[in-house]
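Chemist: The sequence isn't on hand, but the structure is:
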């Protein structure tokens, strides 16, 4: 019998389930900024034991979505625009790197997938469906992240994007979405033409537009 087959996996899988569910609730606003959370209550709501929930909360603290004070409480991190702005700067640089590595290597299937994602994004923007728009946006950029093939890049984006998305979701506006459709089209065209410089420049413009919008956003109370 393989030793691998005897390796414990249940707790890891449950931790991952808890992580995804709690992170989604935070990003969507179901768990509001500043809200105090208790691991036992979250475990009850998720139908899990406390252990995987605690492990998930520890990971979310590393991501900056949760903050814990020993002997006091755990709460959802308030929205602090300056911190989100810092994260966007890093996310922009990482996406620029991914596009620089991926743009010349995109396949026809990649281009087709990106166009389909942008069509879904445009439809969601027109319908005012924020969740669907952000899901489609992630799918579009995810094609280039996958083509890049750099696991450090992917890990960095996965770690920082939830904090950015939390504020972006709250501030999502149709005007910004329509502008993004146009920028996405330009990015896709650059990749289809293997024009690396144009693809990187467009990526910079996409994320810089978000940075500009954050300049006028107030922080949540601490």
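Modeler: Ah, there it is. This structure is a prediction, so every number in the text was calculated from the model and none was measured.

Chemist: I'd like to know how far the residue nearest the centre of the chain sits from residue 65.
Modeler: Residue closest to the average C-alpha location in the chain (Cα atoms, centre = their mean): residue 161, at 3.1 Å. Between residue 161 and residue 65 the computed distance is 11 Å (Cβ to Cβ, to the nearest Å). All C-beta spots, glycine's among them, are computed from the backbone N, C-alpha and C.

Chemist: Next: residue 122.
Modeler: Distance from residue 122 to residue 65, counting by Cβ to Cβ: 29 Å.

Chemist: Next one: residue 201 from residue 207, what distance?
Modeler: For residue 201, the distance to residue 207 - Cβ to Cβ - is 11 Å.

Chemist: higher neighbour count, these two?
Modeler: Shown here are residue 201 and residue 207; by other Cβ atoms under 10 Å, residue 207 has more neighbours (19 against 16).

Chemist: Enumerate every residue touching the more buried one.
Modeler: 88, 91, 92, 95 (Cβ atoms under 8 Å, 6 or more residues apart in numbering).

Chemist: Of those residues, which belong to helices?
Modeler: Taking DSSP state H as the definition of helices, the contacts of residue 207 contribute 88, 91, 92, 95.

Chemist: Pull out the buried positions in stretch 185-195.
Modeler: Buried residues in stretch 185-195, counting neighbours by 16 or more other Cβ atoms under 10 Å, are found at 186, 187, 188, 190, 191, 192.

Chemist: of these, closest to residue 51?
Modeler: For those, the closest approach to residue 51 (Cβ to Cβ) belongs to residue 187, at 42.9 Å.

Chemist: The closest one reaches residue 196, doesn't it?
Modeler: No - in this structure, residue 187 is not within contact of residue 196 by Cβ atoms under 8 Å, at 11.6 Å.

Chemist: joint contacts of these two?
Modeler: residue 99.

Chemist: just the strands in this protein please.
Modeler: Assigned by DSSP state E, the chain shows strands spanning 36-37, 66-69, 73-76.

Chemist: List the buried residues for the second one?
Modeler: Of the residues in strand 66-69, those buried by neighbour count under the rule 16+ other Cβ under 10 Å are residue 66.

Chemist: can you tell me the average pLDDT over it?
Modeler: Per-residue pLDDT values over strand 66-69 give a mean of 88.

Chemist: and if you look at the last one?
Modeler: Within the predicted structure, the mean pLDDT of strand 73-76 is 90.

Chemist: How about stretch 139-156?
Modeler: Per-residue pLDDT over stretch 139-156 has a mean of 96.

Chemist: what does stretch 33-51 give?
Modeler: Taken as a whole, stretch 33-51 carries a mean pLDDT of 92.

Chemist: May I have the distance across it, first residue to last?
Modeler: Stretch 33-51 has its terminal residues 23 Å apart, counting by Cα to Cα, to the nearest Å.

Chemist: Check the offset of that stretch from the chain's centre.
Modeler: 22 Å (Cα atoms, centre = their mean, to the nearest Å).

Chemist: For residue 19, see how far away residue 134 is.
Modeler: Distance from residue 134 to residue 19, by Cβ to Cβ: 19 Å.
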